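> Pasting the sequence and the predicted model now:
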Amino acid sequence: EDWAAAAVADLPGGADVLMAHSFGTSAVLRWLDRQDPGPDGCFRVGGRRLRGLVLVSPLYRADPADFDWDSIAYYVDRLDVILADGLLAGTGRTMPAATLRAVATRVRDLVGPYGWLRFFDTYLRMPEVRGERLALPVLVVGGGADTAAFPADAEALGRALPAATVHLLPGIRHYPMITAAETF
């Protein structure tokens, strides 16, 4: 969240629209939730009125009860698979399965337990985001075959935001901006 704030603050002239992907959607939403909208109900970013958000493959749960031990186990057990998907996204190449598994495992190990816990801590806090305050236009884009940020997450986020439109791209996984760039 603090990194998102710093990155946006460094944008020359501010930002009109913010786009975030995956874990970044959680960070941006939590950061915006901590901001005070102006008297007109609009958020200002670097002196500019924020006109909208594009949230791609969002990780979102509306209710703390939506998180259970199976949720935690799923993301612990599948982190290397999710990372492998990202390593291949957009390369147009294949890699021997053993090599891909080894590289993904190495990336997972570089992220480490602390990095993973930071991710999950932010994800667990999504029910705290006061979506009703985010009345700006939001486009939520998800992959219909995403196994990291499920289509149901995108739909739930769309319901939590007053001015959101949700588009699920059939057959697309976690990186629609890369693997289906033209459709995206």
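Arrived safely.

> all contacts plus neighbour counts: C-alpha atoms, from now on.
Noted.

> Can you name the element that comes right after the lowest-mean-pLDDT helix or strand in the chain?
Sorted by mean pLDDT, DSSP states H and E, the helices and strands of the chain end with strand 44-45, the least confident at a mean of 78. Next in sequence after strand 44-45, counting helices and strands by DSSP states H and E, comes strand 48-49.

> Low-confidence stretches in the chain?
90 (pLDDT under 70).

> which residue is nearest the middle of it?
residue 22 (2.3 Å; C-alpha atoms, centre = their mean).

> State the phi and psi torsions of it.
The phi and psi values for residue 22, taken as degrees, to the nearest 10, are phi 60, psi -120.

> what's the answer for residue 143, then?
Per-residue torsions, residue 143: phi -90, psi 130 (degrees, to the nearest 10).

> Tell me the spacing between it and residue 127.
22 Å (C-alpha to C-alpha, to the nearest Å).

> more neighbours, these two?
The residue with more neighbours, out of residue 143 and residue 127, is residue 143; 27 against 16, by other C-alpha atoms under 10 Å.

> ok, which stretches of this structure are helices?
2-9, 23-34, 69-88, 97-124, 151-160, 176-179 (DSSP state H).
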